[in-house]
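**Student:** starting from these lines, generate the structure:
(2 chains)
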Amino acid sequence: MNNELTAVYFIWKRELIRFFRSKSRVIGSLGMPFFLLAVLGSGLNNVMEVSGGNYMDFITPGIIAMVLLFGSLLSGITVIMDRQFGFLKETLVAPVSRLSIVVGKSLGGATTAIIQGILILGIAMAMGVAVDLTSIPVLLILMLLVSLSFVTLGVALASLMEDMHGFQLVMNFIVMPMFFLSGALFPIDTAPEIVRYISYIDPLTYAVEGMRYLLLDYSYLPLSIVFGVLGGFFIITTSLAVYLFNGIES
Amino acid sequence: MYAIETENLTKKFDSLTAVDHINLKVNEGEIFGLLGPNGAGKTTAISILTTMKKPSSGKAFVNEKNVVDEADSVRKNIGIVFQDFSLDEELTAYENLDMHAAMYGIPREKRKERIEEVIEIVELKDRLHDLVKTFSGGMRRRLEIARGILHMPKVLFLDEPTIGLDPQTRKHIWEYIKSLQKKNKTTIILTTHYMDEADEMCGRIAIMDYGKIIAVDTSENLKNSLGGDVIILESENNEELEKELSKLKWVEKTELRNGRIYLQVKVGEKRIPQIMKCAKEREIEIESVNLHKPTLDDVFLHYTGRRIREETASGKESMRIRRKAWGRK
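**Tutor:** Below is the predicted model of the structure:
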């Protein structure tokens, strides 16, 4: 048992070392959300009227959710890179369970995604977005839940893929639709019926609404539904990740 | 007690049988070689023994533990150097080793000590805290060997450990491995398609082809089983010379091929003068003489009808194609 925990710790640490060592990854991951906030947020601020505040405030929780989605899913998908560069074999033949490898990897990916999320929150605040700081502890728990769900989704997808070719597919058919349908950039309650229904099956919607509730004190979804749905999603993705990762033969 | 024992070990990928009813027994402390062209099934066999792949049928034991049912205790006692590189390039040598040591259950206080020991053996001490991506191919290989022996495995698997390395580095690496085996009595299983390496390094060699083990013995015995040296002659009248030479009672076999005469004899260097004499008496002028001592390549040719070297050029390619055809698993 002790050995398994040590393994989890070392795999988690490896993710962090790799994250902080590649400066381009840190900067690159913050580039797009920054431009979305700075350009879209300030550009549309004066023409868009959304319930509960101005447009820049409105999209801030959405952008943070996006950072979590991108950061976590990418971390999960690095399993493919580990496979291509051979390192995965080294972990697979070590006398530790596959579960520990998935747990370490997921915690590591979630940690780096949350760091990115907090950085973008700081940037938003520096740009004048007023947020409710009293809810930060709950926000962190929500961020952890969201990140873990998407890292494990990434691990599950990566376990199915042979190489990086499938990555574009994931970006175009999972990540981007998830983001655009989540209500990160527009209010869902006033969207056309069909869009609204589709966005209800998008887990990111609940992440966005949860954060909106915590940071801006308004949302059309109660926090209990947010945590309920995301909790269920987390259980599904984690089970999938563990199951599919177990099936990998090197 | 055997370090490795297999009973009809078989691995099938759809229509292809990569490992076909292998029966092996490897003694403790032995350096045992698996020799064969690329695609012969060596790596698959190693993958099963190292618990990475499950056999389709048959059994395999490492240190008397079943590789399927007792995978965890097998893993604790083996070290592996993979054919392809398997280090994390973004980490330093130390971080790679530290992580390995931790996962193999070496307690924290001992990790540093062990790392310093192994890094000394592979002469990378001054690069210990450098990122692996700055390492050359030979240095990476040495680091992987250091990692493979870090947790003092009872059995060390080396899958083509010197592929793609320059001759000097190759020699160096083999020296480490030999000293390891002497010092720690580690059992070493290695695969290679460099026959000179197998010849020099291994106590016993198993020749593998199309997933089957064709012959197992010491290099010396394998070569002796071919029945002696070969003398290759070119002359202005090959047909007549062959006829004359085949009458000599010490010539065991003659063959005319590609405009050359092949003679099978024992202790070839002593027979050459007699051949010259015989040719002179018949007034046939000999253009060239070549004495060939049997190599493992000849052993391979003898058992399979093909040369291992011819295979290797295109072998890698065809293996890739085959692997693609297998699909994911």
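
**Student:** grab the nearest non-local neighbour of B:Glu244.
**Tutor:** Sequence neighbours aside, B:Arg282 is the residue nearest to B:Glu244 in space, at 5.6 Å (criterion: CB to CB, 6 or more residues apart in numbering or on different chains). For glycine as for every other residue, the C-beta is placed from the backbone atoms N, C-alpha and C.

**Student:** please apply the same query to B:Phe32.
**Tutor:** When the adjacent residues along the chain are set aside, B:Phe32 lies closest to B:Val26, with 4.7 Å between them (CB to CB, 6+ apart).

**Student:** are we agreed that that neighbour is in a strand?
**Tutor:** Yes - inclusion of B:Val26 in a strand is indicated when DSSP: H, G, I helix; E, B strand; the rest coil is applied.

**Student:** next, count neighbours for it.
**Tutor:** 23 (other CB atoms under 10 Å in any protein chain shown).

**Student:** tell me the bridge partners for it.
**Tutor:** As for beta bridges, B:Val26 partners with B:Ile4 under DSSP bridges.

**Student:** quick one, what contacts it?
**Tutor:** Neighbouring residues of B:Val26 by CB atoms under 8 Å, 6 or more residues apart in numbering or on different chains: B:Tyr2, B:Ala3, B:Ile4, B:Glu5, B:Phe32, B:Thr187, B:Ile189, B:Arg204.

**Student:** report the residue ranges of every domain in chain B.
**Tutor:** For chain B, automatic domain parsing gives the domain ranges B:2-77+B:153-223, B:227-293.

**Student:** distance of A:Ser173 from chain B?
**Tutor:** Let me fix one detail, which is that residue A:173 is Phe and not Ser. 20 Å (CB to the nearest CB, to the nearest Å).

**Student:** so what pLDDT did that residue get?
**Tutor:** Listed pLDDT for A:Phe173 reads 88.

**Student:** show residues contacting the helix or strand hosting B:Ile145.
**Tutor:** If you go by DSSP states H and E, B:Ile145 is part of helix B:137-149. Residues from elsewhere that reach helix B:137-149 (CB under 8 Å, 6+ apart): A:90, B:79-82, B:85-87, B:93, B:96-97, B:100, B:118-119, B:121-124, B:127, B:132, B:135, B:156, B:158, B:161-162, B:164-166, B:169, B:172-173, B:176-177, B:180, B:184, B:186.

**Student:** what helix or strand is the closest residue to chain A within the stretch 151-300 of chain B on?
**Tutor:** In the stretch 151-300 of chain B, no residue comes nearer to chain A than B:His151, which is 9.1 Å away by CB to the nearest CB. Using DSSP H and E, B:His151 sits in no helix or strand.

**Student:** what about the residue nearest to B:Glu244, neighbour count?
**Tutor:** Using other CB under 10 Å, B:Arg282 has 13 other residues around it.

**Student:** my read is that it contacts B:Leu241, right?
**Tutor:** Yes - proximity of B:Arg282 to B:Leu241 meets the contact threshold set by CB atoms under 8 Å, at 7.1 Å.

**Student:** give me the distance between B:Leu87 and chain A.
**Tutor:** Using CB to the nearest CB, one gets 7 Å for the distance from B:Leu87 to chain A.

**Student:** what's near enough to touch that residue?
**Tutor:** Here B:Leu87 is in contact with A:Gly86, A:Phe87, A:Glu90, B:Asn96, B:Val132, B:Arg140, B:Leu143, B:Glu144, B:Arg147 (CB under 8 Å, 6+ apart).

**Student:** helix, strand or coil for the third one?
**Tutor:** What that stands for is A:Glu90. Classification of A:Glu90 by three-state DSSP places it in helix.

**Student:** pull the number of nearby residues for it.
**Tutor:** The burial count assigned to A:Glu90 is 23, neighbours taken as other CB under 10 Å.

**Student:** name the nearest residue to it, sequence neighbours excluded.
**Tutor:** Leaving aside its chain neighbours, A:Glu90 sits nearest to B:Ser86 (4.6 Å; criterion: CB to CB, 6+ apart).

**Student:** with the second one instead?
**Tutor:** Closest residue in space to A:Phe87, ignoring its immediate chain neighbours: B:Asp88 at 4.9 Å, by CB to CB, 6+ apart.

**Student:** for chain B, what are the nearby residues on chain A?
**Tutor:** Residues of chain A lying near chain B by CB under 8 Å from any CB of the partner chain: A:3, A:6-7, A:9-11, A:14, A:17-18, A:21-22, A:85-87, A:89-96, A:162, A:249-250.

**Student:** mind giving me the ChimeraX select for these, buried ones only?
**Tutor:** Applying 16 or more other CB atoms under 10 Å in any protein chain shown to the residues of chain A next to chain B, the buried members can be selected in ChimeraX as follows:
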select /A:3,6,7,9,10,11,14,17,18,85,86,87,89,90,91,92,93,94,95,96,250
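
**Student:** all helices of chain B, in order?
**Tutor:** Along chain B, the stretches classed as helices by DSSP state H are B:42-49, B:71-76, B:93-103, B:108-121, B:137-149, B:167-184, B:195-201, B:219-224, B:238-246, B:268-281, B:296-304, B:308-326.

**Student:** could you list every residue that touches the residue nearest the centre of chain B?
**Tutor:** Compute the mean C-alpha point of chain B, and by CA atoms, centre = their mean the closest residue is B:Thr192, 2.8 Å away. The contact partners of B:Thr192, taken as CB under 8 Å, 6+ apart, are B:Gly33, B:Leu34, B:Leu35, B:Glu160, B:Pro161, B:Thr162, B:Ala198.

**Student:** beta partners of the second one?
**Tutor:** Taking DSSP bridges, one obtains B:Thr191, B:Ala206 as the residues bridged to B:Leu34.

**Student:** what about it, neighbour count?
**Tutor:** Counted with other CB under 10 Å, the neighbours of B:Leu34 add up to 27.

**Student:** could you check how far it is from chain A?
**Tutor:** In this view, B:Leu34 and chain A are 18 Å apart by CB to the nearest CB.

**Student:** for that residue, give me the pLDDT.
**Tutor:** As predicted, B:Leu34 sits at a pLDDT of 89.

**Student:** any low-confidence regions in chain B?
**Tutor:** Within chain B, the segments meeting pLDDT under 70 span B:308-329.

**Student:** got the residues of it near chain A?
**Tutor:** Proximity of chain B to chain A, by CB under 8 Å from any CB, involves residues B:47, B:50-54, B:72-73, B:75-76, B:78, B:80, B:82, B:84-91, B:95, B:98-100, B:102-105, B:147, B:328-329.

**Student:** filter these down to the buried ones, ChimeraX style.
**Tutor:** To isolate the buried members of these in ChimeraX, using 16+ other CB under 10 Å:
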select /B:47,50,51,52,53,75,76,78,80,82,85,86,87,88,89,90,91,95,98,99,100,102,103,104,105,147
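
**Student:** what's stretch B:159-167 in contact with?
**Tutor:** Outside stretch B:159-167, the residues within contact range by CB under 8 Å, 6+ apart are B:42-43, B:46, B:80-83, B:137-138, B:141, B:145, B:169-170, B:173-174, B:177, B:190-194, B:197.

**Student:** buried set for that stretch?
**Tutor:** For stretch B:159-167, the neighbour count (16+ other CB under 10 Å) marks B:Asp159, B:Glu160, B:Pro161, B:Thr162, B:Ile163, B:Leu165 as buried.

**Student:** same list (those residues) but as a markdown table, adding distance to A:Leu40.
**Tutor:** A markdown table is the format used below for the buried residues of stretch B:159-167 (distance: CB to CB, whole Å):
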| residue | distance to A:Leu40 |
| --- | --- |
| B:Asp159 | 53 |
| B:Glu160 | 53 |
| B:Pro161 | 55 |
| B:Thr162 | 56 |
| B:Ile163 | 52 |
| B:Leu165 | 53 |
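
**Student:** return the subset of the residues you listed lying in strands.
**Tutor:** Counted as lying in strands by DSSP state E, out of those, are B:Asp159.

**Student:** which of the buried residues of stretch B:159-167 sits closest to B:Ser225?
**Tutor:** Comparing the buried residues of stretch B:159-167 against B:Ser225 with CB to CB places B:Glu160 closest, at 25.7 Å.
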